[in-house]
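Participant: The following comprises the amino acid sequence and a computationally predicted model.
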Amino acid sequence: MSVSRRQFITTAALSSLALGLEAQESKSSGQVKMARKPVLISAANGYNYIDRGYGILSGGGDPLEAGLSVVRGPEDDANDHSVGLGGLPNEEGVVELDSCCMHGPSQRAGAVGGVHDIKNVSLLARAVMEHTGHVMLVGDNATKFGLEIGFARENLLTDASRKMWLLWKEANSDRDWWGPGPDDPRWHAPQEEAPAPQSELWPRRLQKLEQLASRLGIAPELRQEAIRNIFYPPTGTIHCSVLNAKGEMAGTTTTSGLAWKVPGRVGDSPIIGAGCYTDQEVGSAGATGSGEENIKVCGAKTIVENMRHGMNPREAGMDTLRRIAHNYRNDMTRLRYIDMTYYILRKDGAYAGVSLWTGYNPGKPHQFAIHDGSRRLEPTVALFDGYSREWPPMPKGTAY
Ligand code: ASP
């Protein structure tokens, strides 16, 4: 479907209103002009930092500068176990980080994958964009490049992350990322592998794990999270898409990737077009969640292309989630082991946060952070009603 510029702007304005947004328009001499206010959308773990991103935009700043100021927050936060310092490590206990960014006004991109010992890989991705003729550097040589241009070497494995890794090594490392994944016909859901009397086994197993966690010195308030993390490697990550008052856009995504991954595994986060994509003429999108699935649908690029062809941000995201489900022929058993959230911002300021499932933790729906003059968290719109990877993993109706 081809859409004229006039049609696009009209559709954009209508869908902004449909989404309850305040896209500001002024009409002069028959032309629709957007009087833009800056907008930032990010994963929920960016909530504490989008004020400073907005501050940069209010001062007329560059959209990538603003986005990086947001995602650096969780990178620097040792208590965020999905990004930067304190991120959960690979199966060998090494924290490997991935990141990418796109700068709309210059339509440039930078990315790094499998970096160790450097905390702010989002800034390193920008450095690849600014100081090389390449888009992506990976592994030891990406780390070496970072150290050479002045990034500090740091041990990223905090005491808390190391102890969670030890818990996984000792209690569950036989369930690693080797062997068939959920998209392989040989894969079976854990319940199918152990149909035995789980109702009796799980409470006892969880109790033993609590004891082991305590022996390993995991703080009481982290034990539940640690135990869940060893069964269901968590998704986290942060993405931020930005629109400034001049209409300039940018996007950035940064992560420690999936916990306990096979060394060298790179997910969607540093892949331009999967974990992040920005097109100055259309919009910007990014992802957190099951990276392998997102790579297969080129999520962020698909969303931006959908918007280019006239879909509003929510439709563009939902269509992409449906492609993930379609790849599994809508097999809900397998899809429960997958989760995905997209953060979408169109050039006119219309936005949406969409997810495959309502949430990851029962009672805690997925949210995203948004700042368009006021900072808030909003729930995502989910394709499937319910929670991925139920916890504890017991058949429905079983008392815990
Ligand atoms: N998408 C990230 C990856 O697959 C993980 C995440 O979002 O937590 O590496």
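Facilitator: Good, I have the coordinates.

Participant: Tell me the gap between stretch 282-298 and the middle of its chain.
Facilitator: Its chain's C-alpha centre and that of stretch 282-298 lie 8 Å apart, by Cα atoms, centre = their mean, to the nearest Å.

Participant: beta partners of the most centrally placed residue in the chain?
Facilitator: Residue closest to the average C-alpha location in the chain (Cα atoms, centre = their mean): Thr288, at 1.9 Å. Per DSSP bridges, the residues bridged to Thr288 are Thr341.

Participant: contacting residues around it?
Facilitator: Residues near Thr288 by Cβ atoms under 8 Å, 6 or more residues apart in numbering: Ala43, Thr235, Gly236, Thr237, Ile238, His239, Thr253, Thr255, Met340, Thr341, Tyr343. Yep, even glycine has a C-beta here, placed from its N, CA and C like the rest.

Participant: So which of the residues you listed is surrounded by the most neighbours?
Facilitator: Counting neighbours by other Cβ atoms under 10 Å, the top entry in these is Thr253, with 37 neighbours.

Participant: average model confidence for the helix or strand that that one is a member of?
Facilitator: For Thr253, the host element (DSSP states H and E) is strand 249-255. Mean pLDDT, computed over strand 249-255, is 98.

Participant: burial count for the residue of the stretch 201-350 of the chain at minimum distance from the ligand?
Facilitator: Of all residues in the stretch 201-350 of the chain, Gly291 sits closest to the ligand, at 2.1 Å by Cβ to the nearest ligand atom. Gly291 has 27 neighbours, counted by other Cβ under 10 Å.

Participant: what secondary structure does the closest residue to it other than its chain neighbours sit in?
Facilitator: Distance criterion Cβ to Cβ, 6 or more residues apart in numbering; nearest residue to Gly291, sequence neighbours excluded, is Gly267 at 2.7 Å. Following DSSP: H, G, I helix; E, B strand; the rest coil, Gly267 is assigned to coil.

Participant: got a pLDDT number for Gly267?
Facilitator: 97.

Participant: residues touching it, list them.
Facilitator: Asp98, Thr255, Gly257, Leu258, Lys261, Gly275, Gly291, Glu292, Asn294, Ile295.

Participant: Would you mind measuring from it to Ala160?
Facilitator: 22 Å (Cβ to Cβ, to the nearest Å).

Participant: Ok, Leu147 next?
Facilitator: Counting by Cβ to Cβ - Leu147 and Ala160 are separated by 25 Å.

Participant: Of these two, which one has the most company?
Facilitator: For Leu147 versus Ala160, neighbours defined as other Cβ under 10 Å are more numerous around Ala160 (19 against 13).

Participant: neighbours around the spatially closest residue to Thr158 that is not a sequence neighbour, how many?
Facilitator: Computed as Cβ to Cβ, 6+ apart, the closest residue to Thr158 that is not its neighbour in sequence is Gly86, at 4.4 Å. Residues contacting Gly86 under the criterion other Cβ under 10 Å number 24.

Participant: list the contacts for Gly86?
Facilitator: Taking Cβ under 8 Å, 6+ apart as the contact definition, Gly86 lies against Asp77, Ala78, Asn79, Asp80, Leu156, Thr158, Ala160, Ser161.

Participant: what are the phi and psi angles of it?
Facilitator: Main-chain dihedrals, Gly86, degrees, to the nearest 10: phi 90, psi 0.

Participant: Residue numbers of the stretch 1-150 of the chain in contact with the ligand?
Facilitator: By the rule Cβ under 6 Å from any ligand atom, the part of the stretch 1-150 of the chain lying against the ligand is Ser82.

Participant: What's the nearest residue in the stretch 1-150 of the chain when you look at the ligand?
Facilitator: Taking Cβ to the nearest ligand atom, the ligand has its nearest neighbour within the stretch 1-150 of the chain at Ser82, 5.2 Å off.

Participant: Is that residue part of a helix or strand, or is it coil?
Facilitator: State at Ser82, reduced to three classes by three-state DSSP: coil.

Participant: Next, it: phi, psi?
Facilitator: According to degrees, to the nearest 10, Ser82 has phi -120, psi 0.

Participant: which non-adjacent residue is nearest it?
Facilitator: Spatially, and ignoring its direct neighbours in sequence, Ser82 is nearest to Gly236 (2.0 Å; Cβ to Cβ, 6+ apart).

Participant: ok, which stretches of the stretch 301-400 of the chain are helices?
Facilitator: 313-327, 332-335 (DSSP state H, counting those that start in this stretch).

Participant: Adding mean neighbour count, write those out as a markdown table.
Facilitator: A markdown table is the format used below for these (neighbours: other Cβ atoms under 10 Å):
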| stretch | mean neighbour count |
| --- | --- |
| helix 313-327 | 20 |
| helix 332-335 | 16 |
